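**Student:** Build the 3D model from these lines:
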Amino acid sequence: MQNIVSDTGHQPWPPSVIPVADPGAELRQCYDAVTQAIESVLCSGRYILGYEVDAFEREWAEYLGARTCIGVANGTDALALALKAVGVRPGDEVITVSHTAVATVVGIESVGAVPVFVDIDPSTRCLNPALIESMLSPKVRAIVPVHIYGQPADMVEILAVAKRHSLLIVEDCAQAHGAEIAGRKVGTFGQAAAFSFYPTKNLGAVGDAGAVVCNDEVIAEQVRELRQYGWRERYISDMVGTNSRLDELQAALLRVKLRQLDQRNRKRREIAERYLNALVSTGLVGPSTIPGTLHAMHLFVVSSDKRRELSEYLTQAGIATAWHYPQAVHQQPAYAGRIRGADKLPFTERFYERLLTIPCHPDLTDEQVSRVCERLTTWSERPAPKPEPQRYSTHGVTR
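**Tutor:** Here you go, the predicted structure:
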């Protein structure tokens, strides 16, 4: 039985299986507060860009330590609108990674910009700052670091490269709600940042939702206008915009869940620590602990030379697994052979041969975590397969 899937939000896990993600569990725990928030919206008579969106924007900005947050329809739009607002134009090149959800590249290309791939640092699994300058060209305008799986990218070095070459930075924080570098939340280092609140994120809605965060009011106002048809005055478009508004119902729900984010992130890290201890003698490689950073542990991804066998081994114990992602972006049919830098990604390609996601979310029970740990530990203790009996010809030659 094969139990590897690419999108944990769509897998109908049987009740006996430990799921990779369980977005419904948190809602069940705060059901009364969520119901009250929804009823408040329904009774308000204001369903688009009303009180709840305004309140969530303030609260999310305050949580991050940012000046401004602008709610939008989803994380992909957030990245596209942020890039456009900071000044990325059609034809500009944008440096990023192929090790990311395809949404990163969709956001870049949707504004007419051209992605350029740089390899990852094996320790962080994020953009390697030391390789950025080798991929610069006169067309490069911006960098989009991706804080993949909740691990902060090396923003100190990335900022240094950007400053030397007058490049813009838009952080992709879709998987990094609450992650930190030296006590500072990711999403506050560049000119702007994009967040997704897809249901399985650390802070998740019950549908699509996103936000742009920045510290520059000029950029913020650009995003506000772009998200609603380019309006400054209602029904009058001063620029070409789009329709990408955070829904009042989603904002109300996110406000409820935001109260629990730090607590739930701590639970993620506690589970991850137990897993890392279990991996010590297994030969499996888990996420690195990078000094000075706080991992959001959105996903716990191990690296194994025998990932299919490992997946089957975990599946037999009722433990779901997934691939994040089945292919790097440059390996996917829509992008293969057309993005600069795709031929210089040895670490990315090696990692995609070995990665496997195992359950690590705050709604796992202690017993479930123990089951995963036990199975991980015994993975290294399994006896090696017995060699097949050798067969010999009458002349003593092995065949």
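**Student:** excluding its backbone neighbours, what's nearest Ala85?
**Tutor:** Spatially, and ignoring its direct neighbours in sequence, Ala85 is nearest to Gln222 (3.8 Å; C-beta to C-beta, 6 or more residues apart in numbering). (C-beta placed from N, C-alpha, C; glycine too.)
**Student:** So Ser281: helix, strand or coil?
**Tutor:** Assigned with DSSP: H, G, I helix; E, B strand; the rest coil, Ser281 falls in the coil class.
**Student:** How about the secondary structure of the closest residue to Leu249 other than its chain neighbours?
**Tutor:** What sits nearest to Leu249 in space, not counting adjacent residues and going by C-beta to C-beta, 6+ apart, is Val41, at 5.4 Å. State at Val41, reduced to three classes by three-state DSSP: helix.
**Student:** what about the residue nearest to Ala85, distance to Arg245?
**Tutor:** As for Gln222, its distance to Arg245 is 15 Å (criterion: C-beta to C-beta, to the nearest Å).
**Student:** Which one of these two is surrounded by more residues?
**Tutor:** Between Gln222 and Arg245, Gln222 has the larger neighbour count (other C-beta atoms under 10 Å), namely 24 against 18.
**Student:** which helices and strands does the host helix or strand of the residue nearest to Ala85 pack with?
**Tutor:** Take DSSP states H and E as the rule and Gln222 turns out to sit in helix 217-226. Judged by 3 or more C-beta pairs under 8 Å, 6 or more residues apart in numbering; DSSP states H and E, helix 217-226 is in contact with strand 68-72, helix 75-86, strand 210-214.
**Student:** Which elements pack onto the second one?
**Tutor:** Okay, so that is helix 75-86. Secondary-structure packing of helix 75-86 (3+ C-beta pairs under 8 Å, 6+ apart): strand 68-72, helix 103-110, strand 168-172, strand 192-196, strand 210-214, helix 217-226.
**Student:** How far away from the center of its chain is it?
**Tutor:** On the basis of C-alpha atoms, centre = their mean, to the nearest Å, helix 75-86 is displaced by 16 Å from the centre of the chain it belongs to.
**Student:** Show the average pLDDT along that helix.
**Tutor:** Mean per-residue pLDDT for helix 75-86: 98.
**Student:** same check, this time on the first one
**Tutor:** Predicted confidence along strand 68-72 averages 98 (mean pLDDT).
**Student:** so how far is that strand off the chain centroid?
**Tutor:** On C-alpha atoms, centre = their mean, the centre of strand 68-72 falls 18 Å from the chain's centre.
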